[in-house]
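Q: Pasting the sequence and the predicted model now:
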Amino acid sequence: MKNLMLSIFTFIFFVLSCSAQNDKPAFEKPINVLVFSKTMGYRHESISTGMKMLYDQSKKQNWVITATEDAGLFTDAFLSNFDVVVFLNPTGDAVDTEGQAAFEKFINSGKGFVGIHAAADCEYEWQFYGKLVGGYFKTHPEQQEATVVFEKSDHPAMKPFKGMKSYTTWDDWYTFKENPRTNVNVLATLDESTIKKFDNDNFRMGDHPIIWWSEKDGIRSFYTGFGHTHEAFQDKLIIEHITNAINWAAKRIN
């Protein structure tokens with residue numbers, strides 16, 4: 001009990017439960033969503049905005065959200081409560097060996113994963129996680145407006161962009177240590193010609209995936225490069241994009 005209380009006071013751990021709403025939620029059956037945002041490196045100020053966005057969506061989507069930065073809670077018993085885990089801009093070596101083992105068991109049981117932006121800047125030495133998220137952050141130019149080119153529109157997360165060939169917005173644009181294309185299903189790429197401000201060419205990939213998904217052995221995983229800025233989590237199209245990704249990873253929609 002003492003350790004549990006210490007954990008509660010030491011880390012951010014709160015549960016946002018959906019109460020009865022005036023508006024009927026999109027789905028009758030709730031799903032349990034764990035949002036993890038522990039940072040052991042750079043900390044995105046937009047985590048708070050992303051969390052508010054997810055809570056606002058939970059009322060409409062009938063999600064029960066548990067948000068934590070306490071990786072010590074990653075146990076078999078705790079993780080068994082959830083349908084999907086969202087990594088909201090975590091960074092660095094955020095999960096210890098015991099937590100990693102529990103997380104692997106959880107994912108391998110057929111549960112879902114959604115990585116948002118800096119989820120690719122997390123756990124570089126954890127091979128299982130690397131395969132799950134699909135790619136590791138390498139570098140980025142300064143924040144700027146750039147264009148994302150849509151490659152496929154047949155995934156639910158791309159529904160808000162239906163009929164659009166591309167989307168131009170302001171964000172922090174990642175490049176990756178290795179091109180993930182051979183291991184994932186790419187939905188969108190970054191148009192590198194629209195990147196105007198940069199210190200060097202280390203970020204250029206040529207073929208530059210920025211949004212992708214995978215489904216193997218009943219495990220659904222989704223990654224989006226959007227999400228560095230507060231504005232990203234206030235953009236109606238990106239909100240729907242992430243919302244649909246979560247519902248898809250939780251096997252609510254196909």
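A: Nice, thanks for sending it over. Residues are numbered from 1 along each chain as shown.
Q: In the stretch 51-200 of the chain, where is pLDDT below threshold?
A: Across the stretch 51-200 of the chain, no stretch falls below the confidence threshold (pLDDT under 70).
Q: Isn't residue 102 up against residue 73?
A: No - with contacts counted by CB atoms under 8 Å, residue 102 stays clear of residue 73, the gap being 9.4 Å. Every C-beta, even on glycine, is put in place using the N, C-alpha and C of the backbone.
Q: who's in contact with residue 74?
A: For residue 74, the set of contacting residues under the criterion of CB atoms under 8 Å, 6 or more residues apart in numbering consists of 95, 98, 99, 100, 102, 103.
Q: hmm, which of these are the buried ones?
A: Neighbour counting over these (16 or more other CB atoms under 10 Å) leaves 95, 99, 100, 102, 103 as the buried ones.
Q: The stretch 101-250 of the chain: helices as residue ranges?
A: Per DSSP state H, counting those that start in this stretch, the stretch 101-250 of the chain has helices spanning 127-133, 236-249. These are given in chain order.
Q: most packed of the ones you listed?
A: With neighbours defined as mean count of other CB atoms under 10 Å, these peak in mean count at helix 236-249, which reaches a mean of 22.
Q: what's next to that one, contact-wise?
A: Residues from elsewhere that reach helix 236-249 (CB under 8 Å, 6+ apart): 27, 31, 33, 53-54, 57, 61, 63, 84, 86, 112-114, 116, 155-161, 167, 169, 213, 220-222, 224, 226-227, 232-233, 253-254.
Q: So which of the residues you listed are in strands?
A: Judged by DSSP state E, the subset of these located in strands is 31, 33, 63, 84, 86, 112-114, 116, 167, 169, 213, 220-222, 224.
Q: Counting neighbours, which of the residues you listed end up buried?
A: Neighbour-count burial within these applies to 31, 33, 63, 84, 86, 112-114, 116, 167, 213, 220-222, 224; the criterion is 16+ other CB under 10 Å.
Q: Could you tell me how many residues sit around the nearest residue in space to residue 36 that is not next to it in sequence?
A: For residue 36, ignoring the flanking residues on the chain, the nearest one in space by CB to CB, 6 or more residues apart in numbering is residue 87 at 5.4 Å. The burial metric for residue 87, expressed as a neighbour count using other CB atoms under 10 Å, is 26.
Q: My read is that residue 94 contacts residue 124, right?
A: No - counting by CB under 8 Å, residue 94 does not reach residue 124; the two are 10.9 Å apart.
Q: more crowded one of these two?
A: residue 94 (22 against 14).
Q: and the closest residue to that one other than its chain neighbours, what is it in contact with?
A: Computed as CB to CB, 6+ apart, the closest residue to residue 94 that is not its neighbour in sequence is residue 38, at 4.3 Å. For residue 38, the contacting residues are 11, 68, 69, 70, 71, 90, 94, 95, by CB under 8 Å, 6+ apart.
Q: before we move on, back to that, can you pull up the bridge partners for the residue nearest to residue 36?
A: Here residue 87 sits in beta bridges with residue 36, residue 115, going by DSSP bridges.
Q: quick one: it from residue 243, how far?
A: In this structure, residue 87 and residue 243 are 16 Å apart, going by CB to CB, to the nearest Å.
Q: Next: residue 221.
A: Applying CB to CB, one obtains 17 Å for the distance of residue 221 from residue 243.
Q: Likewise for residue 169?
A: As judged by CB to CB, residue 169 and residue 243 stand 17 Å apart.
Q: same check, this time on residue 143
A: The value you get for residue 143 to residue 243, if CB to CB is used, is 24 Å.
Q: Please apply the same query to residue 82.
A: In this structure, residue 82 lies at 17 Å from residue 243, with CB to CB as the measure.
Q: Then residue 222?
A: Residue 222 sits 12 Å away from residue 243 when distances are taken as CB to CB.
Q: likewise residue 164?
A: Residue 164 is 17 Å from residue 243, where distance means CB to CB.
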